[in-house]
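Engineer: sequence unknown, structure follows:
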């Protein structure tokens, strides 16, 4: 290993080749293309200078080199997001956000259709790929035009959820991704509308076994630390050190990681993603079942006919598993102790040996966890993958890094094969395709040699004798063993310089990868590649009364049945003998689909460097870093980026992009009708006259080839011109809006003034009018009072005159009355007023009886009578006599007028009074008649 390299001493025999090292300054060089002294030492020293200054990012053109500091810096806040948003790559200091900004800017570039981008984050295990992936995703969530929508928050919460279920502690990394993740974030008009996650090769062997100083997946420890005592009792859980699947590494804790707090974050992520309480309960039931299965142990048991079988020695764990998964305890026992096979429509039950029973137990646990992990990815996609058709995407690849442990197995071979393909993808884009493009476009170019790792890929996966294909072939033979597979590998590849056989007869082989030689132990290769799950176990799990568990394994069964059918070239389907596809075959197919998807996108590379093997913060181990720089081809990458033309645009695209820099007329050349190639030359000559002299661009047959610094200058100039045009446009529009606003304001002010003045005039008018009306009223009142007083005096005078007249009239009337009375005949009109009427009149004020004794005339002697024959009648002028007047006056007017307070008994009074009056009148009449 590089860390084991001992110091060496070299002696210089001649100083002629020695020259002064380039001065890199106190903070080093931000872009290593600017290094004039281009060699491994200058690269390494530049990275060390910057790392010691806590500058962990360095450019290599458009490629970002990130050295893991093993601690978090405060350089990822919203202020940094705003600082790098919309900026051209290279104008600001190197930062991970600059790569995110460039990818986002190229995806939504003005004047062109959206182009999908991919950010490829690669490096060794422990180099910081997972954290870089999360930071890029956080940047995209912050700069998208609707950062507060629910989809964005759900995509962000999906990462810690999958991290809990798919990451674990290894000897090199406390948070190592044990699966590959390809995250596609879809945008529409600059807004995140959805995402899709594709997972690759979950390391299932870690579920049942871990090396020393390693842990199982984080979620187990987080669950045991975060669940309450009542909930743990519900699932029958204890502490982590009590479970065989968790305590094999020797330490169940990680320094600086708080599993209880992380469990609360996990629950929060599930809540944001919309997981129901039933789904969460089922997830914890499956996890608890895996732990209980790990504690199941067996005893050998002698069966009939000399057969050897097993019996379960931990019945409590079986009951807990059956209770949690709602399965039959007897069914679980049969699945772990016997094997059921079908032969000629007959079922044959075969007892398992103790090793086979342990393998069956582990297979059962791995099947449960793998089905749960696949369901989680599918459930997350169901939640966040909405309406993503025909949209541009920014994809982020976070895949397991290159691994070389003390003992490497099948998983490490698959992981390193994936990294070989990523390195080939990098070389293809940086070296191979670029130099082929130069030749095709007839560009003057000196070929740069680089290490091509295609032979290693062919050694591992090329048909028919690649290592993985030999493994698949052996996996199809029931009696094949790991040793037979190893012998076939030795037979077919013994002469290959990239393949090595062990010196001793050990069960291993070596492959010389791009990152160095790795020895692989073939022990368990066939079993891991077959990854067979017996049909009776699948049927048992489908019979679960928990709908979610049943559907999980229905999907597993349907995927196995689908894989048994091969699609031929002519479109017909041929059903072969039932055979489950191997892990290597499925991984190879998914990896090719990944590379095909990435080839359709514009790539951005982030090279993560691990500074030391101790996971110590801010420790820069130069031999380890140098080894990584070598196998990643960083020196060749810098050389081709420095000498080559990584920016390639078609003439039409270049003119369309930079037409703003084109003058209308240059040297008599009109832009209208001019070929695109000539327009490109004019633009480049007018903007950067010295670029052609320095060879910073070349014009091919169909494309313009530019160096990265020249593209940055053109983009900067274009941004300046567009900004100036935008300012002019804004100025004009703002002037127009200001004038329109002024006119509207002036009109409103005039209207307001008019209304105000009208109101003031009306107010003054009303005030004056009120005063005038009040003055008129006072004047008229004074005049009326004057007239009233005059009229009052006149009325008083008239009243006095009338009073005198009445008095004279009264006196005259009295005289006339006296005269009439003296002439009147004594009779009925001189009768005495009845007592009752006199009583009434006595109650009146100032009343004096008209008749008294003095009015009566006494008659002396007898009164002569008349004969009976003579007719008696009232005189015809009786109405003119005083009695008639008396009755008319006092009965029609005076009586009713003088008794207003007697209205209650007026009828009775009048009736009584009338009767008496009639009676007296009749007596008087008779008396009168007798006279």
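Structural biologist: Arrived safely. It should be emphasised that the depicted structure is a prediction, and the values quoted were computed from it without experimental measurement.
Engineer: just the helices in the stretch 151-300 of the chain please.
Structural biologist: 205-208, 218-226, 229-235, 259-273, 277-294 (DSSP state H, counting those that start in this stretch).
Engineer: next: the stretch 601-750 of the chain.
Structural biologist: 622-631, 634-643, 651-658, 676-687, 689-694, 708-823.
Engineer: packing partners for the first one?
Structural biologist: For helix 622-631, the helices and strands in contact under the criterion 3 or more C-beta pairs under 8 Å, 6 or more residues apart in numbering; DSSP states H and E are helix 40-52, strand 602-609. Quick note: C-beta positions are derived from backbone N, CA and C, even for glycine.
Engineer: just name the most buried of the ones you listed.
Structural biologist: Mean neighbour count, computed with mean count of other C-beta atoms under 10 Å, is highest for strand 602-609 among the helices and strands packed on helix 622-631, reaching a mean of 21.
Engineer: quick one: strands adjacent to that strand?
Structural biologist: Here strand 602-609 is paired, per DSSP bridges, with strand 63-67 (parallel), strand 117-123 (parallel).
Engineer: so which of the ones you listed is nearest residue 210?
Structural biologist: strand 117-123 (23.1 Å; C-beta to C-beta).
Engineer: which residues touch residue 358?
Structural biologist: Taking C-beta atoms under 8 Å, 6 or more residues apart in numbering as the contact definition, residue 358 lies against residue 298.
Engineer: from residue 293, how far out is it?
Structural biologist: When C-beta to C-beta, to the nearest Å is the yardstick, residue 358 and residue 293 sit 11 Å from each other.
Engineer: which residues does the residue nearest the centre of the chain contact?
Structural biologist: Closest to where the C-alpha atoms of the chain average out (C-alpha atoms, centre = their mean) is residue 150, at 1.7 Å. If you count contacts by C-beta under 8 Å, 6+ apart, residue 150 has none.
Engineer: need the pLDDT of it.
Structural biologist: Here, the pLDDT recorded for residue 150 equals 85.
Engineer: just to revisit the earlier point, export the helices of the stretch 601-750 of the chain to JSON lines and append columns for mean pLDDT and distance to residue 435.
Structural biologist: Converted to JSON lines, the helices of the stretch 601-750 of the chain look like this (pLDDT from 0 to 100; distance: least, C-beta to C-beta, whole Å):
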{"stretch": "helix 622-631", "mean pLDDT": "89", "distance to residue 435": "21"}
{"stretch": "helix 634-643", "mean pLDDT": "78", "distance to residue 435": "8"}
{"stretch": "helix 651-658", "mean pLDDT": "84", "distance to residue 435": "21"}
{"stretch": "helix 676-687", "mean pLDDT": "83", "distance to residue 435": "22"}
{"stretch": "helix 689-694", "mean pLDDT": "73", "distance to residue 435": "21"}
{"stretch": "helix 708-823", "mean pLDDT": "91", "distance to residue 435": "17"}
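Engineer: please produce a markdown table containing those helices, extended by distance to residue 476 and mean neighbour count.
Structural biologist: As requested, the helices of the stretch 601-750 of the chain are arranged in a markdown table below (distance: least, C-beta to C-beta, whole Å; neighbours: other C-beta atoms under 10 Å):
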| stretch | distance to residue 476 | mean neighbour count |
| --- | --- | --- |
| helix 622-631 | 35 | 18 |
| helix 634-643 | 42 | 20 |
| helix 651-658 | 51 | 19 |
| helix 676-687 | 57 | 18 |
| helix 689-694 | 61 | 11 |
| helix 708-823 | 51 | 11 |
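Engineer: okay if I get those as TSV plus distance to residue 701?
Structural biologist: Below are these laid out as TSV (distance: least, C-beta to C-beta, whole Å):
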stretch	distance to residue 701
helix 622-631	36
helix 634-643	21
helix 651-658	10
helix 676-687	9
helix 689-694	18
helix 708-823	20
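Engineer: once you drop chain neighbours, what's closest to residue 218?
Structural biologist: residue 164 (4.9 Å; C-beta to C-beta, 6 or more residues apart in numbering).
Engineer: quick check, that neighbour in contact with residue 262.
Structural biologist: Yes - using C-beta atoms under 8 Å, residue 164 is in contact with residue 262, at 6.8 Å.
Engineer: higher neighbour count, those two?
Structural biologist: residue 164 (22 against 18; other C-beta atoms under 10 Å).
Engineer: and the more buried one, what's its pLDDT?
Structural biologist: Model confidence at residue 164 (pLDDT) stands at 94.
Engineer: and residue 631, what does it touch?
Structural biologist: Going by C-beta under 8 Å, 6+ apart, residue 631 touches 514-516.
Engineer: for residue 419, see how far away it is.
Structural biologist: 10 Å.
Engineer: who touches both of the two?
Structural biologist: 514-515.
Engineer: pLDDT of the stretch of helix or strand residue 136 belongs to, averaged?
Structural biologist: Per DSSP states H and E: residue 136 is located in helix 129-143. Averaged over helix 129-143, pLDDT sits at 91.
Engineer: can I see the domain layout of this protein?
Structural biologist: Structurally, the chain divides into domains by the TED database as follows: 140-395+533-568, 410-531, 645-800.
Engineer: now tabulate those domains in JSON lines and tack on distance to residue 589.
Structural biologist: As requested, the domains of the chain are exported to JSON lines (distance: least, C-beta to C-beta, whole Å):
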{"stretch": "domain 140-395+533-568", "distance to residue 589": "10"}
{"stretch": "domain 410-531", "distance to residue 589": "11"}
{"stretch": "domain 645-800", "distance to residue 589": "32"}
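Engineer: returning to that earlier point: hmm, who's touching the helix holding residue 136?
Structural biologist: For helix 129-143, using C-beta under 8 Å, 6+ apart, the contacting residues are 66, 76, 78, 81, 84-85, 96-97, 99-101, 104, 119, 121-123, 147, 152-153, 155-156, 159, 163, 167, 175, 177, 181, 183, 185, 192, 394, 396, 398-399, 401, 606, 608.
Engineer: who's in contact with residue 319?
Structural biologist: With contact taken as C-beta under 8 Å, 6+ apart, residue 319 is in contact with residue 329.
Engineer: what helix or strand is it located in?
Structural biologist: Going by DSSP H and E, residue 319 is part of helix 315-325.
Engineer: any of the contacts of helix 129-143 buried? List them.
Structural biologist: 66, 76, 81, 84, 96-97, 99-101, 104, 119, 121-123, 152-153, 155-156, 159, 163, 167, 175, 177, 181, 183, 185, 192, 394, 396, 398-399, 401, 606, 608 (16 or more other C-beta atoms under 10 Å).
Engineer: nearest to residue 352, of the helices of the stretch 601-750 of the chain?
Structural biologist: If we rank the helices of the stretch 601-750 of the chain by C-beta to C-beta, the stretch that ends up nearest is helix 622-631, at 45.2 Å.
Engineer: quick check: angle from that closest one to strand 117-123?
Structural biologist: 140 degrees (axes from the mean of the first three to the mean of the last three C-alpha atoms, to 10 degrees).
Engineer: now helix 622-631, how far from the centre of its chain.
Structural biologist: Put simply, helix 622-631 sits 42 Å off its chain's centre (C-alpha atoms, centre = their mean, to the nearest Å).
Engineer: cool, stretch 676-690 as well?
Structural biologist: So, by C-alpha atoms, centre = their mean, the centroid of stretch 676-690 is 46 Å from its chain's centroid.
Engineer: what residues does it touch?
Structural biologist: By C-beta under 8 Å, 6+ apart, stretch 676-690 touches 651-652, 654-655, 658-659, 661-663, 666, 669, 671, 674, 691-692, 696-697, 699, 704, 710, 713-714, 717.
Engineer: kindly recompute the last result at 6 Å.
Structural biologist: Outside stretch 676-690, the residues that touch it by C-beta atoms under 6 Å, 6 or more residues apart in numbering are 651-652, 654-655, 658, 661-663, 666, 697, 704, 717.
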